[in-house]
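Enquirer: just the structure for this:
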Amino acid sequence: MCYTRFYGLEKCRLGRYNSLYSFLLPHLLSSGSRVRVLPGTPHCSKDNHCHLTESPERARDTLNTRQHSLNENRIVILESMNEYFFRDQVSPLLMDKLWAQGWRHFGSYFFRYARFPKDGQVLHVQPLRVRLEHHTLNRSQKRTLKQNGDVDIVVKPAYIDNEVLQLFERHKTRFKDNVPESLTTFLSERPAVKPCPCVSLCLRLNGELIGVSYLDVGQNATSSVYQCFEPTLSKRALGILMMLLCVQLSREAGKTFYYPGYAFREKSFYDYKKTLRGLEVYDWQDTWQPLDNHTKDTSKANLKSKI
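Expert: Here you go, the predicted model:
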């Protein structure tokens, strides 16, 4: 048994485990939704050159105030929201605030969007988070943890090396659509510190790397960025395993929330995230509510619209 201490993750158990994105690129210009580049962030021209228009401090103030200044068309605007900005460095405290407003990031590219076009339909995006004090394991998750009792867990500052890249290339074979080209699509050239503190949670079986999950660390929360795993070991449910390990690591670090990423209101490949207990969903109106309550409210609203 060994321990680590960095990035606010104190005395988190590593070593042999025995107790206990997905891919969403925001290329939504074809969705018909409004696209906003926030003030204080680079505007990218057609030649892909970005130009800073205002200071980062002004941009941060805008982030904190802009949602409170929307008019009576607020709900309509939020439902078609598609916003992004670029930042090379963000403090853990500000990361908490961004996650709480539905933001995510790949490297220095921060984004949030409420709709996602796929196969001729428009899916409704649901930012998710787990309130860790309410999280418990279901029977299936307990089986997954028990089944992987022979897997070693190593947590270290986020990194990319040849071994990780080879695993990523094998992981890509799982995808039929939207195949990720490179791991750097999701991570910066210095993933441990840019744009925020991040750790790699690595799975090893008999010394071989079989999974890597990248976890951002905020002041009061953590958030999964991306994970890849050995596709030939599908029976081990390594994706679920790493998500559960992120929950455990976050809880032991004294965090309040864990953000597993986006899912959709409609059925989708990302429904496995909804199996987590203690789950809350962002309603795009500055509030989070338990997923069950949100599902019931949404169903009632859809029923009324059909009557």
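Enquirer: run through this protein and note the low-pLDDT ranges.
Expert: Within the chain, the segments meeting pLDDT under 70 span 1-80, 177-178, 293-307.
Enquirer: can you give me the helices in it?
Expert: 56-65, 74-79, 92-100, 139-147, 162-171, 238-252, 291-306 (DSSP state H).
Enquirer: show me what the fifth one is packed against.
Expert: Packing partners of helix 162-171 (3 or more C-beta pairs under 8 Å, 6 or more residues apart in numbering; DSSP states H and E): strand 208-217, strand 221-229. All C-beta atoms are positioned from the backbone trio N, CA, C, and that covers glycine.
Enquirer: for the last one, packing partners?
Expert: In this structure, strand 221-229 packs against helix 92-100, strand 104-106, helix 162-171, strand 208-217, helix 238-252, strand 257-264, with contacts taken as 3+ C-beta pairs under 8 Å, 6+ apart.
Enquirer: partner strands of the shortest one and their direction?
Expert: Strand 104-106 has the following sheet partners, assigned by DSSP bridges: strand 109-113 (antiparallel).
Enquirer: give me the contacts around the strand it pairs with.
Expert: Contacts with strand 109-113, where a contact means C-beta atoms under 8 Å, 6 or more residues apart in numbering, come from 26, 28, 31, 33, 81-87, 90, 98, 101-105, 125, 127, 195.
Enquirer: can you tell me which of the residues you listed are buried?
Expert: Among the contacts of strand 109-113, those scoring as buried are 26, 28, 31, 33, 81-87, 90, 98, 101-105, 125, 127, 195 (criterion: 16 or more other C-beta atoms under 10 Å).
Enquirer: these in strands, which ones?
Expert: Counting by DSSP state E, those place Met81, Asn82, Glu83, Tyr84, Phe85, Phe86, Arg104, His105, Val125, Pro127 in strands.
Enquirer: out of the helices and strands packed on helix 162-171, nearest to Asp161?
Expert: strand 208-217 (9.6 Å; C-beta to C-beta).
Enquirer: who touches Trp288 in this structure?
Expert: Ala100, Arg129, Glu280, Val281, Tyr282.
Enquirer: try it again at 6 Å.
Expert: Residues in contact with Trp288 (C-beta atoms under 6 Å, 6 or more residues apart in numbering) are Glu280, Tyr282.
Enquirer: how close does it get to Leu279?
Expert: As judged by C-beta to C-beta, to the nearest Å, Trp288 and Leu279 stand 10 Å apart.
Enquirer: partner residues bridging the nearest residue to Thr185 once chain neighbours are set aside?
Expert: Spatially, and ignoring its direct neighbours in sequence, Thr185 is nearest to Phe106 (6.2 Å; C-beta to C-beta, 6 or more residues apart in numbering). Using DSSP bridges, the bridge partners assigned to Phe106 are Tyr109.
Enquirer: look up how far Thr222 lies from Phe106.
Expert: Taking C-beta to C-beta, one finds Phe106 at 17 Å from Thr222.
Enquirer: of the two, give the one with the bigger neighbour count.
Expert: Set Phe106 next to Thr222 and count neighbours by other C-beta atoms under 10 Å: Thr222 wins out with 32 against 17.
Enquirer: got a list of what the more buried one touches?
Expert: Leu215, Ser250, Lys255, Tyr258 are the contacts of Thr222 under C-beta under 6 Å, 6+ apart.
Enquirer: dump these into TSV; add neighbour count as well.
Expert: Below are the contacts of Thr222 laid out as TSV (neighbours: other C-beta atoms under 10 Å):
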residue	neighbour count
Leu215	26
Ser250	26
Lys255	21
Tyr258	27
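Enquirer: tell me which two in these are the farthest apart.
Expert: Leu215 and Lys255 (10.5 Å).
Enquirer: coming back round to it: wait, which of the ones in strands among the buried ones among the contacts of strand 109-113 is closest to His134?
Expert: Looking across these and measuring by C-beta to C-beta, the closest to His134 is Pro127, at 17.3 Å.
Enquirer: quick one: contacts for that closest one?
Expert: Gly102, Tyr262, Tyr282 are the contacts of Pro127 under C-beta under 6 Å, 6+ apart.
Enquirer: separation between Arg204 and Leu245?
Expert: 13 Å.
Enquirer: sorry, wrong one. I was asking about Ala100.
Expert: 23 Å.
Enquirer: looking only at neighbour counts, state which of those two leads.
Expert: For Ala100 versus Leu245, neighbours defined as other C-beta under 10 Å are more numerous around Leu245 (22 against 18).
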